[in-house]
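K.L.:
Output the structure for:
(2 chains)
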Amino acid sequence: MSRSEPVNTKLSKKCISDKVTALPPSGIRKFFDLLSNMEGVISLGVGEPDFVTPWYIREAAIYSLEKGYTMYTSNKGTPELRTELAKYLQSHHGLVYNPDDEILITVGVSEGLDLAARAILNPGDEVIMPDPCYVAYPAAISLAGGTPVRVPTTEGNDFEITAADIESSITPKTRAILIGYPCNPTGAVLPRQELERIAEVVKRHHLLVISDEIYCQLVYGVEHTCLASLPGMRERTILLNGFSKAYAMTGWRIGYAACGKEIIGAMTKIHQYTIMCAPIMAQMAALEALKSNDREVDVMVRDYDRRRRVIVKGFRDIGLSCFEPKGAFYAFPSIKVTGMSSEEFAEKLLMEEKVAVVPGTAFGDCGEGYVRCCYATSLPEIEDALKRMARFIDKHRKK
Amino acid sequence: MKQIFEALEKDARLTPDQISTMTGTSVAEVKKAIKKAEQDRAILRYKAIIDWTKLGEEEVLALVEVKVVPQRNVGFDAIAERIYRFKEARSVYLASGTYDLAVIVACKTMQEIAVFVSEKLAPLEAVQGTVTHFILKKYKEDGEIFEGGEEVKRLPIAP
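P.N.:
Numbering: from 1, shown residues only, chains lettered A, B, ... in the order given. Below is the predicted model of the structure:
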């Protein structure tokens, strides 16, 4: 019998666990496949900065390689990076964490999210999260054996999840809430008062919070409040953050989790068996990012802000209602004037005008009627994309 | 206010309308701010950064270190002015260290630079000595990288 017998597809399907089979594929993947064969496409479909990592950070990584830093680090991450993060969290958010056992360096917030979910959830535990939200939230909860419970947010309430809506979704099985503000895909930022109300609900019902604050430095004219900094919330909040967005370091895959030592200890247990440690050269680069002043970050933020204003006005001028995003680098215009579904709109727009956007439904049912457009794209490209979209809207406006 | 000039410094061809959108300031205010900056010479000029060699034009640059004797009452300013009024002197800086004035000289040929330095610059009364360094290659000028600048290698779609 031949050894290279093709794998029986029936058998291979049976090989896949029920949990993974039940997991829906990312709504973004399909567009990636469509796009790969097209030329002349303007993509507003990305989720990362269009800046290359600042040179002083790259240079530090090169130097670390030259010096021979190529080994494992402590499971928790290098002591230098954890110490510097502790200083950063204190100076920026007034939060005190012990770098020895309350901070864990992860492979991006993605890993932090997975660890947090696995550390705190028992089978069937419910986790409340906004809809729309980042694609990985419900998946991470399901994979950890939990049940995602979606709370709708709408353009009418500025895509802000409210304490009242959270409270009415709480059941005896509710274990935690998972929020990510500034929000991908909507650009919404939760105001302090709402966070305070959410904190009260969380304390009243003895819940935990997983708070993904990866976009916290990218806010425009508003303040970001770190949930863990509110009274009594430090021990209840698993703070997840990283270097990808503010420092334009997406490919380095460095994030961190901060919380009380019980939860960080539990997360570290999983991390040490599954990841071992984050890559050392990326940790060296992250350390340099923290040690330097934030001048280059500020320049990038002001640059995003200018493009944010151009794209939002642009959408409104071509007849799309567009919520004003206050953070991250996404605009989330409504495409309801066309009468199309988000997916149909995104596909037709790509085929007819070669502009790539992400259908809102990739982020949850409440994203129907919207598309996510990233404005971390050059100004001429944004302007060109707006022209193409204007033509498209004129053609397809619902009569 | 800073936003207006930061945008303009990045792209001098932006219209007041565009800047108004980008900064959330009214068109009238943008125009007023720019006009005032022009009057105050906070904005000196609008120009393009051109790689002349790509256009087939030859240009020779030299960094000339100039050691001078400062003069009573005017210090280095008078001699600096004598030098910067020559059109060949593209940039003139007063520097700390082993020499006083750093002068970037631009001419068509090496010969022209040699003539300028030996016949115009060096003979000036206050000039004690010059050291001429010819520029061999331009990598970066006014913040712009000439070859192989930062290209963004992003995938077109990402979460």
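K.L.:
what about the residue nearest the centre of chain B, helix or strand, and which?
P.N.:
Geometric centre of chain B, nearest residue: B:S91, 6.1 Å, by C-alpha atoms, centre = their mean. Per DSSP states H and E: B:S91 is located in strand B:89-94.
K.L.:
Can you give me the buried ones in that strand?
P.N.:
By 16 or more other C-beta atoms under 10 Å in any protein chain shown, the buried positions in strand B:89-94 come out as B:89, B:92. Where C-beta positions appear, they are placed from N, C-alpha and C, glycine not excepted.
K.L.:
elements contacting that strand?
P.N.:
On a contact count with 3 or more C-beta pairs under 8 Å, 6 or more residues apart in numbering or on different chains; DSSP states H and E, strand B:89-94 meets helix B:77-84, strand B:101-107.
K.L.:
Not counting its own residues, what contacts the shortest one?
P.N.:
So that's strand B:101-107. With contact meaning C-beta atoms under 8 Å, 6 or more residues apart in numbering or on different chains, strand B:101-107 is reached by B:59-66, B:68, B:76, B:79-80, B:83, B:88-95, B:113, B:116-117, B:121.
K.L.:
Could you rerun that using 10 Å?
P.N.:
Strand B:101-107 is touched from outside by B:52, B:58-68, B:76, B:79-80, B:83-84, B:86-95, B:112-117, B:120-121, B:127, B:130, B:132, B:134-135, with contacts defined as C-beta atoms under 10 Å, 6 or more residues apart in numbering or on different chains.
K.L.:
go on, the longest one?
P.N.:
Taking contacts as C-beta under 10 Å, 6+ apart, the residues outside helix B:77-84 that touch it are B:64, B:66, B:68-71, B:74, B:89-94, B:100-101, B:103, B:105, B:120-121, B:124-127.
K.L.:
got the angle for it vs strand B:101-107?
P.N.:
10 degrees (axes from the mean of the first three to the mean of the last three C-alpha atoms, to 10 degrees).
K.L.:
Now helix B:77-84: buried residues?
P.N.:
Within helix B:77-84, the residues that count as buried by 16+ other C-beta under 10 Å are B:79-80, B:82-83.
K.L.:
now stretch A:108-121
P.N.:
For stretch A:108-121, the buried set under the neighbour-count rule, 16+ other C-beta under 10 Å, comprises A:108-121.
K.L.:
Extract the C-alpha set from that stretch and format it as CSV.
P.N.:
In CSV, the C-alpha atoms belonging to stretch A:108-121 read as follows (Å, rounded to 0.1, in the frame of the first residue of the first chain):
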residue,chain,number,x,y,z
GLY,A,108,0.3,40.5,21.4
VAL,A,109,-3.0,41.2,23.0
SER,A,110,-4.3,38.2,21.0
GLU,A,111,-2.4,35.9,23.3
GLY,A,112,-3.4,37.9,26.4
LEU,A,113,-7.0,37.6,25.5
ASP,A,114,-6.7,33.8,25.0
LEU,A,115,-4.9,33.4,28.3
ALA,A,116,-7.4,35.6,30.2
ALA,A,117,-10.3,33.7,28.9
ARG,A,118,-8.8,30.3,29.7
ALA,A,119,-7.6,31.4,33.1
ILE,A,120,-11.0,32.5,34.4
LEU,A,121,-13.7,30.5,32.5
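K.L.:
what about that stretch, distance to the chain center?
P.N.:
13 Å (C-alpha atoms, centre = their mean, to the nearest Å).
K.L.:
Let me see the mean pLDDT of it.
P.N.:
For stretch A:108-121, mean pLDDT is 98.
K.L.:
what ranges of chain A fall below the confidence cut-off?
P.N.:
A:1-11 (pLDDT under 70).
K.L.:
what sits against A:L65?
P.N.:
Taking C-beta under 10 Å, 6+ apart, we find A:L65 in contact with A:280-281, A:284.
K.L.:
Are we agreed that it is in a helix?
P.N.:
Yes. Counting by DSSP: H, G, I helix; E, B strand; the rest coil, A:L65 falls inside a helix.
K.L.:
Domain boundaries for the chain, per the record?
P.N.:
No chain was given, so I picked chain A. A:17-46+A:296-396, A:55-291 (automatic domain parsing).
K.L.:
Can you look at chain B instead?
P.N.:
Following automatic domain parsing, chain B resolves into domains at B:2-39, B:52-136.
K.L.:
I'd like those domains written out as JSON lines, with mean pLDDT added.
P.N.:
Formatted as JSON lines, those follow (pLDDT from 0 to 100):
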{"stretch": "domain B:2-39", "mean pLDDT": "95"}
{"stretch": "domain B:52-136", "mean pLDDT": "94"}
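K.L.:
how about the strands in chain B?
P.N.:
Taking DSSP state E, the strands of chain B run over residues B:60-68, B:89-94, B:101-107, B:127-134, B:140-141, B:144-145.
K.L.:
Would you mind naming what in chain B lies close to chain A?
P.N.:
Chain B comes close to chain A at residues B:2-4, B:6-7, B:10-11, B:14, B:18-24, B:149-159, as judged by C-beta under 10 Å from any C-beta of the partner chain.
K.L.:
Now which of those would you call buried?
P.N.:
B:3-4, B:7, B:14, B:18-23, B:154, B:156-157, B:159.
K.L.:
if we can go back for a sec, looking at the contacts of A:L65, which is nearest A:A228?
P.N.:
Using C-beta to C-beta, A:M284 comes nearest to A:A228 of the contacts of A:L65, at 26.5 Å.
K.L.:
Briefly note if the host helix or strand of the closest one comes near chain B.
P.N.:
If you go by DSSP H and E, A:M284 is part of helix A:280-291. No. On the criterion C-beta under 10 Å from any C-beta, helix A:280-291 is out of touch with chain B, staying 16.5 Å away.
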